[in-house]
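with the input below, show me the fold.
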Amino acid sequence: MSARKKIPEFHSEAEERAFWENHDSSDYVDWGEAVQVSMPRLKPSTQTISLRLPEPLLEQIKMEANKRDVPYQSLIKTWLAEDVRESRAQYRKK
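This is a model prediction of the structure:
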């Protein structure tokens, strides 16, 4: 096995991001030695967006959310996550 390259010291997150966009991490890290870590209290970052929906669609979403006894924005996030997960699974099959 060849020696791993030394990971450079980065002065900013942007500098590190640019580096990893152009370098293969397997040249620097032996992923066979990686250990899975659980971080149960880690909350994913969120970003507020503005989304314009036709009023009838929003009303239908709110009715669905009410039937399920969940906030409508949480239902939208759930649906989006499910759709992305399913789309990615289909893409991987191709």
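
mind checking the longest helix of this structure?
Criterion DSSP state H: the longest helix present in the chain is helix 72-93.

can you list the buried residues in that one?
By 16 or more other C-beta atoms under 10 Å, the buried positions in helix 72-93 come out as Y72, L75, I76. Yep, even glycine has a C-beta here, placed from its N, CA and C like the rest.

contacts for that helix?
L58, I61, K62, E64, A65, N66, R68, V70 (C-beta atoms under 8 Å, 6 or more residues apart in numbering).

could those be laid out in JSON lines, adding secondary structure and distance to E33?
Output for these, formatted as JSON lines (DSSP: H, G, I helix; E, B strand; the rest coil; distance: C-beta to C-beta, whole Å):
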{"residue": "L58", "secondary structure": "helix", "distance to E33": "50"}
{"residue": "I61", "secondary structure": "helix", "distance to E33": "46"}
{"residue": "K62", "secondary structure": "helix", "distance to E33": "50"}
{"residue": "E64", "secondary structure": "helix", "distance to E33": "47"}
{"residue": "A65", "secondary structure": "helix", "distance to E33": "45"}
{"residue": "N66", "secondary structure": "helix", "distance to E33": "50"}
{"residue": "R68", "secondary structure": "helix", "distance to E33": "44"}
{"residue": "V70", "secondary structure": "coil", "distance to E33": "42"}
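
filter those down to the buried ones.
Judged by 16+ other C-beta under 10 Å, buried ones among the contacts of helix 72-93: I61, A65.

out of the contacts of helix 72-93, which comes closest to V35?
Sorting the contacts of helix 72-93 by how near they are to V35, with C-beta to C-beta, puts V70 at the top with 35.8 Å.

name the nearest residue to the closest one, sequence neighbours excluded.
Leaving aside its chain neighbours, V70 sits nearest to T78 (7.9 Å; criterion: C-beta to C-beta, 6 or more residues apart in numbering).
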